[in-house]
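Novice: let's see this in three dimensions:
(one chain, ligands or ions: 1)
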Amino acid sequence: MKKKIALALDLGGTNIRLAAIGEDGNVYSRSRSATPTGSSSIEIVDQIVKLADECRREVPEDSEIFAIAAAVPATINEEAGILTKLPNLPALEGVQLRDILTQRLHIPAILENDANAAAYGENWLGASRGVDDSICITLGTGVGGGLIINGQPFRGKDGTAGELGHVCVEPQGVPCGCGGRGCIEQYASATAIVRMAREAGMDVNSSLDVYMAASEGNVNADRVFRKMGSYLGIGIASLINVLNPEMVVLGGGVSAAWDRFIGTVADEIAIRSFREPATRAKIVRAELGDDAGILGAARSAFANEKKVAHHAEVV
Ligand SMILES: [Zn+2]
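Specialist: Numbers count the residues shown, from 1 in each chain. Modelled structure (predicted):
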């Protein structure tokens, strides 16, 4: 019997990455390029097809690529396979990417929100493997979130579940791109850390600058990370009370500043969560780095093999 392999695609605003991944998580080949900027959906799809062909050439002969799964920074209408709400990839707004990929690559396609894919990847091969109920929060330029319930991504009726970055932690707080105010994203993202440091009078260009300053004993920088940890902790404390998870996984670039904020996060959880779920929930760092999304997408392909094949027949 031929080895089953999934093509997994991580479609970002900056880079497009592809990998051919086996049922055991083995990565057989990879390809990547910059995302064509300011371009039409056709150029982006052409680039995906080119990278997919590169990946396909390098898989073992006794294998069969049965599907492509894409992790995309979008809300996904699962029924129609249409993408919406892509501020970082506006060219794909309203595009029926699932059917387009199926037609161009001649294999079934499946779409997964990128944060949900990262949560699923960590649950498959990373920090939360073997754990039934977990929350994954990605602290990057923005703040993304994914929920794993009973070992499955929880997507919600409209595919919008898990928007943990937009949990409000300060009712009259900083206005957010989502239209709300005081969302976690406005306090715990890399963007927010730079903004808060500048508000404190620091001359910084990145969250790494703030981290370095804090490590060198800069009091203002230290305060920024405490503030960040406090707001993040307030949000996580509520999530723990709502979901009683076994684990909360923190990933993304900002999670590298772990030692500067995790103490404050733990303090807020201790104050605000019920004792039993707070004791239960382990707060840990993600393990898969940039590969979480691509591995989670592959996991989706394997988990939905039958459904995926059915869609492709209809196309
Ligand atoms: Zn928001």
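Novice: now the stretch 201-315 of the chain against the ion: closest residue?
Specialist: Nearest to the ion, among the residues of the stretch 201-315 of the chain, is Gly235, at 11.5 Å (C-beta to the ion). C-beta here means a position set from N, CA and C on the backbone, and glycine is covered the same way.
Novice: looking at it, that residue is touching Val169, isn't it?
Specialist: Yes. If you go by C-beta atoms under 8 Å, Gly235 and Val169 touch, sitting 5.1 Å apart.
Novice: helix, strand or coil: sort out the residue nearest to Arg226 when sequence neighbours are not counted for me.
Specialist: Excluding its sequence neighbours, the residue lying closest to Arg226 (C-beta to C-beta, 6 or more residues apart in numbering) is Thr264, at 5.0 Å. Under the three-state scheme (DSSP: H, G, I helix; E, B strand; the rest coil), Thr264 adopts helix.
Novice: still on that earlier bit, so the residue of the stretch 201-315 of the chain closest to the ion is in which element?
Specialist: helix 219-243 (DSSP states H and E).
Novice: isn't Ile149 up against Cys136?
Specialist: No. Ile149 is not in contact with Cys136 according to C-beta under 8 Å; the separation is 11.9 Å.
Novice: looking only at neighbour counts, state which of these two leads.
Specialist: Cys136 (34 against 14; other C-beta atoms under 10 Å).
Novice: and the helices in this protein, which stretches?
Specialist: 41-57, 97-105, 114-125, 185-188, 190-199, 207-215, 219-243, 258-272, 275-280, 292-303, 305-314 (DSSP state H).
Novice: can you name every helix or strand that the shortest one contacts?
Specialist: It stands for helix 185-188. Contacts defined by 3 or more C-beta pairs under 8 Å, 6 or more residues apart in numbering; DSSP states H and E place helix 185-188 against helix 190-199, helix 219-243.
Novice: could the ones you listed be laid out in TSV, adding mean pLDDT, mean neighbour count and distance to Thr14?
Specialist: Compiled in TSV, these are given as follows (pLDDT from 0 to 100; neighbours: other C-beta atoms under 10 Å; distance: least, C-beta to C-beta, whole Å):
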stretch	mean pLDDT	mean neighbour count	distance to Thr14
helix 190-199	98	20	14
helix 219-243	98	21	23
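Novice: any idea which of these gets closest to Ala19?
Specialist: Of all the helices and strands packed on helix 185-188, helix 190-199 sits nearest to Ala19, with 25.2 Å by C-beta to C-beta.
Novice: let me see the confidence value for the closest residue to Ala190 other than its chain neighbours.
Specialist: Leaving out its chain neighbours, the residue that sits closest to Ala190 by C-beta to C-beta, 6+ apart is Ser207, at 4.0 Å. Note for Ser207: predicted pLDDT of 97.
Novice: what does the one 4 residues further on give?
Specialist: Model confidence at Tyr211, given as pLDDT, is 98.
Novice: tally of neighbours for it?
Specialist: By other C-beta under 10 Å, neighbour count at Tyr211 equals 22.
Novice: cool, the one 3 residues further on as well?
Specialist: Burial of Ala214, expressed as a neighbour count using other C-beta under 10 Å, amounts to 22.
Novice: ok, Phe274 next?
Specialist: 12.
Novice: separation between it and Phe66?
Specialist: Note on Phe274: its distance to Phe66, by C-beta to C-beta, to the nearest Å, is 44 Å.
Novice: please apply the same query to Gly81.
Specialist: To Phe66, Gly81 is 17 Å away according to C-beta to C-beta.
Novice: and for Gly156?
Specialist: Distance from Gly156 to Phe66, by C-beta to C-beta: 27 Å.
Novice: comparing the two, which residue is more hemmed in?
Specialist: Set Gly156 next to Phe66 and count neighbours by other C-beta under 10 Å: Phe66 wins out with 19 against 13.
Novice: low-confidence ranges, the stretch 201-315 of the chain, go.
Specialist: Along the stretch 201-315 of the chain, segments meeting pLDDT under 70 span 314-315.
Novice: if I pick the closest residue in space to Gly165 that isn't next to it in sequence, what's in contact with it?
Specialist: Spatial nearest neighbour of Gly165, chain neighbours left out: Val143 (3.2 Å); criterion: C-beta to C-beta, 6+ apart. Counting by C-beta atoms under 8 Å, 6 or more residues apart in numbering, Val143 makes contact with Ile137, Leu164, Gly165, Cys183, Ile184, Glu185, Ala188, Ser189, Gly252.
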